[in-house]
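[1] The following block contains a protein sequence and its predicted model.
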Amino acid sequence: MTVAVYPGSFDPLTNGHMDIIGRALKAFDRIIVGIAVNRSKTPLFSLEERVEMIREVVKDDSRIEVDSFSGLLVDYMKHRNATAVIRGLRAVSDFEYEFQMANMNRKLHPDLETFFLMTGQKYFYVSSRVVREVASLGGCVTGLVPELVENRLLERFGGTP
């Protein structure tokens, strides 16, 4: 069984993330959505809220697991017996950072492979940061995030779901 980890902060989960997950399932038996704890960031949603939201969104697919981790991704991958990292690329600017991370991960864990998936054309401009900003200013994020996430964003910023 091939197990891949799709790591990220997912603050919040977007339809771009869901597109990557769906496409990765064509290549891997199981995907672990690994929510990384990043102490240098102040998230909009708590770790627990993000885990709960993503679990709810993917609950109908037993091939997807949602988990969280702190520390090095390679250590988490060893712990979970995963052999591949899934990373989405939106633009050339994403590639440079991701390329560096993939090579560092390979140095730390030579058996680890990183698979880059280009974000679908429909979502190449969508990022969690942009979604948070638009939602915080009262803009419409319909179609950019799953409905449950949209409702949580509306609740968080004083709108009505």
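    Sure thing, it's come through. Numbering: from 1, shown residues only.
[2] how deep is Phe45 tucked in, by neighbour count?
    Using other Cβ atoms under 10 Å, Phe45 has 21 neighbouring residues. Where you see a C-beta, it was placed from the backbone N, CA and C, and this is true even at glycine.
[3] quick one: Ile35 is in a strand?
    Yes. Ile35 forms part of a strand when assessed by DSSP: H, G, I helix; E, B strand; the rest coil.
[4] Count the residues that sit near the nearest residue to it once chain neighbours are set aside.
    Using Cβ to Cβ, 6 or more residues apart in numbering and skipping the chain neighbours, the partner closest in space to Ile35 is Ser68 (4.3 Å). With neighbours defined by other Cβ under 10 Å, the count for Ser68 comes to 16.
[5] Over to Val57?
    Other residues close to Val57 by other Cβ under 10 Å number 21.
[6] Is Gly34 in contact with Ser9, as I believe?
    No. Under the criterion of Cβ atoms under 8 Å, Gly34 is not in contact with Ser9, lying 10.3 Å apart.
[7] Looking at these two now, which is surrounded by more residues?
    Taking neighbours as other Cβ under 10 Å, Gly34 and Ser9 compare with Gly34 leading, 23 against 18.
[8] Would you map the helices across this protein?
    Along the chain, counting by DSSP state H, helices occupy 15-24, 47-58, 73-80, 92-108, 128-136, 147-156.
[9] If you rank every helix and strand of the protein by mean pLDDT, what lands last?
    Least confident helix or strand, the chain: helix 92-108 with a mean of 88, by mean pLDDT, DSSP states H and E.
[10] Any regions of the chain where pLDDT drops low?
    159-161 (pLDDT under 70).
[11] Adding distance to Arg39, write the helices of the chain out as TSV.
    Converted to TSV, the helices of the chain look like this (distance: least, Cβ to Cβ, whole Å):
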stretch	distance to Arg39
helix 15-24	22
helix 47-58	11
helix 73-80	15
helix 92-108	18
helix 128-136	17
helix 147-156	21
